[in-house]
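S.K.: sequence plus predicted model, see below.
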Amino acid sequence: MKDIIAITILLLLVSFCSAEETAQDSTTILPKITFLEMGSLICIPCKMMEEVLVSIEEKYGDQIEVNFHDVKKDNAIAVKYKVKMIPTQVFLDENGVEIHRHVGFYPEEKIDEFLQEQGLKIIRSSKDE
């Protein structure tokens with residue numbers, strides 16, 4: 001009987017430790033938010049967004065994944081996210097669920113407000129340089 005109890009406790013401990021490691025691994029690997037910028041290299045407001053994308057990626061580091069998609073070259077993502085006008089910004093949570101969308105030039109300050117409402121923290125200010 002003591003052996004059964006000891007084995008059960010051991011199995012519970014091993015199971016708990018494995019689950020905790022998996023949870024820690026998944027939170028460090030996945031960004032909290034994915035920022036999809038859908039536009040074109042020939043669109044003026046899209047070109048204006050380039051600097052914003054770089055700055056957001058630098059400021060938030062691993063908390064965010066920023067991806068630019070030129071919908072003139074590859075329209076599949078525009079179809080997938082039902083993009084009607086460019087530029088369009090779509091923000092996804094860690095599960096890939098859309099949590100926010102904006103159409104047109106999106107000022108960096110407004111993006112910062114949204115990201116901070118989602119719990120992201122600025123880790124590097126562009127003023128640090």
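M.R.: All right, it came through fine.
S.K.: what are the contacting residues of the strand or helix carrying Glu113?
M.R.: For Glu113, the host element (DSSP states H and E) is helix 108-117. Here helix 108-117 makes contact (CB atoms under 8 Å, 6 or more residues apart in numbering) with 33, 35, 52, 55-56, 59-60, 64, 89, 91, 100, 102, 122. All C-beta atoms are positioned from the backbone trio N, CA, C, and that covers glycine.
S.K.: identify the farthest-apart pair in those.
M.R.: The span of these, defined through CB to CB, is set by His102 and Ile122 at 19.6 Å.
S.K.: in PyMOL, how would I select the buried members of the contacts of helix 108-117?
M.R.: Entered in PyMOL, the line below selects the buried ones among these, by 16 or more other CB atoms under 10 Å:
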select buried, resi 33+35+52+55+56+59+60+64+89+91+100
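S.K.: got the contacts of helix 108-117 as JSON lines, with secondary structure and pLDDT columns?
M.R.: Formatted as JSON lines, the contacts of helix 108-117 follow (DSSP: H, G, I helix; E, B strand; the rest coil; pLDDT from 0 to 100):
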{"residue": "Ile33", "secondary structure": "strand", "pLDDT": "97"}
{"residue": "Phe35", "secondary structure": "strand", "pLDDT": "98"}
{"residue": "Val52", "secondary structure": "helix", "pLDDT": "98"}
{"residue": "Ser55", "secondary structure": "helix", "pLDDT": "98"}
{"residue": "Ile56", "secondary structure": "helix", "pLDDT": "98"}
{"residue": "Lys59", "secondary structure": "helix", "pLDDT": "97"}
{"residue": "Tyr60", "secondary structure": "helix", "pLDDT": "97"}
{"residue": "Ile64", "secondary structure": "strand", "pLDDT": "97"}
{"residue": "Gln89", "secondary structure": "strand", "pLDDT": "98"}
{"residue": "Phe91", "secondary structure": "strand", "pLDDT": "98"}
{"residue": "His100", "secondary structure": "strand", "pLDDT": "98"}
{"residue": "His102", "secondary structure": "strand", "pLDDT": "98"}
{"residue": "Ile122", "secondary structure": "coil", "pLDDT": "95"}
